[in-house]
Each structure stands twice: as C-alpha cells, then as structure tokens.
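**Q** Compute the structure for the input listed below.
(chains A, B, C and D)
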2 protein chains.
Amino acid sequence: MQSLNQLFTHFENYLPLDEVEKKELSHRAVERNIKRRQFILQEGDVCKYFTFVISGCFKMYGVDKNGTDHIIQFASENEWIAEIGSFYSNKPSRLYIEAMEPSVILQIERLNLFHLYSNFPKFDRNFRVIMENKVIDLENRILQNISSTAEERYQSFLEQYPQLANRIPNTQIASYLGITPEFLSKIRNNIAKK
Amino acid sequence: MQSLNQLFTHFENYLPLDEVEKKELSHRAVERNIKRRQFILQEGDVCKYFTFVISGCFKMYGVDKNGTDHIIQFASENEWIAEIGSFYSNKPSRLYIEAMEPSVILQIERLNLFHLYSNFPKFDRNFRVIMENKVIDLENRILQNISSTAEERYQSFLEQYPQLANRIPNTQIASYLGITPEFLSKIRNNIAKK
DNA sequence: TCTACATTAAGGGTATTTCTTAAACTTGTT
DNA sequence: AACAAGTTTAAGAAATACCCTTAATGTAGA
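**A** Residues are numbered from 1 along each chain as shown, chains lettered A, B, ... in the order given. Just a heads-up that it's a prediction; the model follows:
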C-alpha cells in the first residue's frame, strides 16, 4: 500500500524499520479518507488514535468561553497528530482535531501502539525522538510568544512554514499566533508598506 | 548514594529500573553541587548534560536583543532540564540554564545517555513518556498564552505551581508569563482588591 | 555585626500594542 | 445564483509596555 510506504519512509529519518516491524505496523495502522471540515477528534471524546498525515492538513484547537478557536498545532504531510493527554489517559479531550483539506491519514489505536511499543523497542526509540523534536518546536514557540510582538511572530511563522502560509487562510494563522484576524490584516498592511 | 536513590524513585513513576539498570545508571550519572546564580549552560556553549534536579531550582531562559530575559522553563526537585536541541545536535545553545537557589543535581553526559538508550530499552521507554508529558505541559501553556489575558495566566500559574510561586521572585514569574514585572505588580494589586 | 550594594516590590503617568465592533468587499463552495 | 468564509478598513476601548520613583528586603564584604 502506497500510504504505508510513505510511513515507512518517514521512519527512515529515525531508526529505519526492518521487515518484521513493517509487517507488524501494517497490520495495526488503518488508512482513512477524511473530508474537509471533518473532525477526527471532538471535545468530550477520548482521543483513540495516533494519526499520521499522508496528505492534506489538520488543525488541533481549543475553544474558549466566548466560542473563539485557538489553534495549538497544524499537521500536514508526514506529521503526527494526537491529543496525547487524552490518548494515554483515556480521558475526554478538551481539544478538537479537524481537517482543513480533504485528507488521507493512517491511524494507530492505543492498544495497537502499546503492542508495538512492548514488542519492538524501536518504536519506543523512534517516538522518543519524535517527541523530543516536538518539545524543541514547542519551546521555541513559547519563547517566541513571550518575547516577540505579533508582527515578529508572524514573520517567523512565514519563515518557518512558508508552504503552510500559502495553503491556509489568514484567519487560521491569526488563531495560531494568538491574535485577531483584523490585527493580522493590519500587520500585513504594515509589512506591505515597507 | 542518597541522590541516586531519589533518581531511582523518580523512575518508579514509569517503568521501574531493575538492579542492573540501576547499577549502569549510577556509573553514568555525576552528582554536582551548584551555587545560586551559577550557570550549568551558557549561550554559545553546547548543552553536554541531561540534568536531574535533586534539590534546588533552575531556570532556562533566552535573552532578547534588548537584554531582557525570557524564561522558558523552571525545574525544581525531581524534574529534568536540558536544552534538548543543543544536547542532541551538539550545536551551541541559544539559551541559558541558571540556578535560582543552591542546588544539587545529577548529570548524564550525552554519550553515557546514548549508551543507556542503546543497551537498556527501558530508558528509551521512560524518556519517551517523560517527553510526552512535557509535550502535554507545553501544549497547555501555548493554549494559555494564545487564549488568555495576563491575569488569567497568572492565576493558573498560581494554581498549577503553588510551591514555586512562594519560592521565586515575582520578576521571574513575570518573565515566565511573558509580561513586565510592573504589569504583574498591577495584576496582583487588582486581585488583592477583589 | 554593620554597612554598602543589589534585588525586589509597588505605584503613577504616558506611550504602544492589540482587541472589539461594525461594515464593506472579495473569494470560495455548493 | 446564493450563501458561507475570508479579508480589509476604521474608530474607539482595553490591555500591556515603558520609564521613573520610592520603599522594603536581601546579600556580601569589611
């Protein structure tokens, strides 16, 4: 299956899987087609899957008391997305994960992932490294958030995710940066003037 | 050694170590006493150690172009601290790690940690889980940062880290929250009035 | 132990950033 | 064609930074 090969290739960035591991993984990952605007996780539900994006794009976000969305993470091709807290604790999620484009994903259920972890230590290793990289990204984003103006944050977003910036609406970028769409529009206007 | 027992106990929260693993770990962890204001990592240096705090308290922070500190993380008893990006890539760190109190730590060097990972898969497992928990914390903090006012962020800091709040100066809390000390002072004044 | 220096906390006034609201306009979707 | 979603503009309001002063508290050295 094409999608599985893409996932195997992804693991080439870490410790590559051997044939037995590939076979085990292929038995435990399920491919799904997701429509634009379709949810793969809703607030109140338990996050049952670790999701790998084959094609398309997702956002994970929380909704505040005023009904405003706040995007914590985007995930596009070859990225993992899950509400980890809910996934491991089996408790209801406070977050949503929603497709921003028609997408294809591979999903691994909790017990299946546990099986891989327990029988093939390479998965512990690879996911340790995947998580470490996520920690690095999140710490950088925190530093940005507490030390930079909205305009600086927008500029670094453009530098860090040039592909995403062309793909998703500015309203969503504003939500990710923690500013209003109106203010982002003003920022873009300022930048254009320079 | 007392410190090592404290570290072994910490691993009881994950997959507890067996005797061989404890022995290996004890050969590869070095205890150090650190003075208040002493750095265990400075900007431009490579982060050579994964550090476990036995007692005392540290901050990891970046300094912006104006010379202002921005605290990314505190670490006190039984917490890990490292500039992971620098540690694994062997590249110079952009961050500092500094003791806020006289402290005792256990440090593991990169190659020693790699040895543990490679020979005792339990370390991959345990650090995978440690990293996952860090990702959960960081994602919560991001959500707070992009969705709440400074006063709300301060209130949740007090709820989440009541011990720390009594231990460290408000200037440092302000730096962690991404606001000026003056503004935090005003927030505290507002809260007191209620 | 005492003094000197540095750090911390609080407060006031002004400047800047960012939000809110509302409307008009454009683009995309069905 | 019709509706929903995204973008822009603008004015006033709120949040927060910046700069400065004073007072209290810690800390280190003679």
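**Q** only C-alpha atoms for contact and neighbour calcs from this point on.
**A** OK.
**Q** What is the neighbour count of the closest residue to A:Phe74 other than its chain neighbours?
**A** Nearest residue to A:Phe74, sequence neighbours excluded (CA to CA, 6 or more residues apart in numbering or on different chains): A:Lys59, at 4.5 Å. Here the number of neighbours of A:Lys59 (other CA atoms under 10 Å in any protein chain shown) works out to 20.
**Q** which residues does A:Lys59 bridge with?
**A** Beta bridges link A:Lys59 to A:Phe74, A:Glu98, judged by DSSP bridges.
**Q** Where do the strands of chain A begin and end?
**A** A:29-34, A:39-41, A:49-55, A:57-63, A:69-76, A:80-81, A:96-99, A:103-109 (DSSP state E).
**Q** Which one of the ones you listed lies nearest to B:Gln38?
**A** strand A:69-76 (34.7 Å; CA to CA).
**Q** Now find how far off-centre that closest one is within its chain.
**A** In this view, strand A:69-76 has its centroid 7 Å away from the chain centroid, taken as CA atoms, centre = their mean, to the nearest Å.
**Q** pLDDT score assigned to the residue nearest the centre of chain A?
**A** Using CA atoms, centre = their mean, the residue of chain A that lies closest to the mean C-alpha position is A:Ala75, 3.3 Å off. pLDDT recorded at A:Ala75 is 98.
**Q** And for the one 5 residues further on?
**A** What the model reports for A:Trp80 is a pLDDT of 98.
**Q** tell me the contacts of it?
**A** The contact partners of A:Trp80, by CA atoms under 8 Å, 6 or more residues apart in numbering or on different chains, come to A:Phe50, A:Thr51, A:Phe52, A:Val53.
**Q** farthest pair in those?
**A** A:Phe50 and A:Val53 (10.1 Å).
**Q** if we can go back for a sec, pretty sure the residue nearest to the centre of chain A is in contact with A:Cys57, am I right?
**A** Yes. Counting by CA atoms under 8 Å, A:Ala75 does reach A:Cys57; the two are 5.6 Å apart.
**Q** Look up how far chain B lies from the residue nearest to the centre of chain A.
**A** Distance of A:Ala75 to chain B, given as CA to the nearest CA, to the nearest Å: 14 Å.
**Q** got it, and A:Leu143?
**A** 6 Å.
**Q** A:Leu106 too?
**A** From A:Leu106 to chain B the distance is 20 Å (CA to the nearest CA).
**Q** Leaving out the residues flanking it, which one is nearest to that residue?
**A** Sequence neighbours aside, A:Glu31 is the residue nearest to A:Leu106 in space, at 4.4 Å (criterion: CA to CA, 6+ apart).
**Q** Please look at A:Ala165 and A:Leu158 and confirm they touch.
**A** Yes. Between A:Ala165 and A:Leu158 there is a contact under CA under 8 Å: 6.2 Å.
**Q** since we're on the residue in chain A positioned nearest to DNA strand D, how many residues are nearby?
**A** Proximity to DNA strand D, evaluated over chain A using CA to the nearest atom of the strand, is greatest for A:Asn170 at 3.3 Å. Using other CA under 10 Å, A:Asn170 has 17 other residues around it.
**Q** out of everything not next to it in sequence, what's closest to it?
**A** With CA to CA, 6+ apart, the residue lying closest to A:Asn170 is A:Pro181, at 6.9 Å.
**Q** can you count the residues close to the one you found?
**A** 17.
**Q** And for the one 5 residues further on?
**A** Neighbourhood size, A:Lys186 [other CA under 10 Å]: 12.
**Q** Relative to A:Thr180, how far out is it?
**A** Remark: distance between A:Lys186 and A:Thr180 (CA to CA, to the nearest Å) = 10 Å.
**Q** same question, A:Ser156
**A** A:Ser156 is 17 Å from A:Thr180, by CA to CA.
**Q** hey, where'd the helices end up in chain A?
**A** Along chain A, the segments classed as helices by DSSP state H run A:2-11, A:19-28, A:84-89, A:110-119, A:121-147, A:150-160, A:162-167, A:170-177, A:181-193.
**Q** Make JSON lines from those helices and add distance to DNA strand C and mean pLDDT to it.
**A** As requested, the helices of chain A are exported to JSON lines (distance: least, CA to the nearest atom of the strand, whole Å; pLDDT from 0 to 100):
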{"stretch": "helix A:2-11", "distance to DNA strand C": "24", "mean pLDDT": "97"}
{"stretch": "helix A:19-28", "distance to DNA strand C": "31", "mean pLDDT": "97"}
{"stretch": "helix A:84-89", "distance to DNA strand C": "27", "mean pLDDT": "97"}
{"stretch": "helix A:110-119", "distance to DNA strand C": "32", "mean pLDDT": "98"}
{"stretch": "helix A:121-147", "distance to DNA strand C": "9", "mean pLDDT": "98"}
{"stretch": "helix A:150-160", "distance to DNA strand C": "4", "mean pLDDT": "97"}
{"stretch": "helix A:162-167", "distance to DNA strand C": "10", "mean pLDDT": "94"}
{"stretch": "helix A:170-177", "distance to DNA strand C": "8", "mean pLDDT": "98"}
{"stretch": "helix A:181-193", "distance to DNA strand C": "5", "mean pLDDT": "95"}
